[in-house]
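Enquirer: below is the structure, and that's it, no one-letter string:
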């Protein structure tokens, strides 16, 4: 999915294939938010100059093959998401 603005996914996300989320918005206009859980046996890549936020657990139901974010933007995990990601 490629947009010029923010991307917000409020519901649980299950990857059905390798997925790339890209926002070309500058700063906060490029934020990508995955507010709930993210699962699936595929790779997730997020490219943005904004902040990528994982609000829920990542890979708790079905581990992701990998999670990659670009160096340009920041990445934040909720406390629960960070704890689970650290075990992967």
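Expert: Now that the structure is in, tell me what you want to look at. This is a predicted model, so every value here is computed, not measured.

Enquirer: just the helices in the protein please.
Expert: All helices of the chain, identified by DSSP state H, fall at 79-86.

Enquirer: lowest-pLDDT helix or strand in it?
Expert: helix 79-86 (a mean of 52; mean pLDDT, DSSP states H and E).

Enquirer: ok, residue 39 to residue 16 distance?
Expert: 11 Å (CB to CB, to the nearest Å). Where C-beta positions appear, they are placed from N, C-alpha and C, glycine not excepted.

Enquirer: same question, residue 47
Expert: From residue 47 to residue 16 the distance is 20 Å (CB to CB).

Enquirer: do residue 29 as well
Expert: 28 Å.

Enquirer: tell me which of the two has more neighbours.
Expert: residue 29 (15 against 9; other CB atoms under 10 Å).

Enquirer: spatially nearest residue to that one, not counting backbone neighbours?
Expert: Nearest residue to residue 29, sequence neighbours excluded (CB to CB, 6 or more residues apart in numbering): residue 5, at 5.8 Å.

Enquirer: that neighbour and residue 41: what is the separation?
Expert: 29 Å.

Enquirer: now do the closest residue to residue 11 other than its chain neighbours, the pLDDT please.
Expert: Of all residues not flanking residue 11 in the chain, residue 36 sits nearest, at 5.8 Å (CB to CB, 6+ apart). According to the prediction, residue 36 has pLDDT 95.

Enquirer: residues near residue 36, how many?
Expert: The burial count for residue 36: 16, using other CB under 10 Å.
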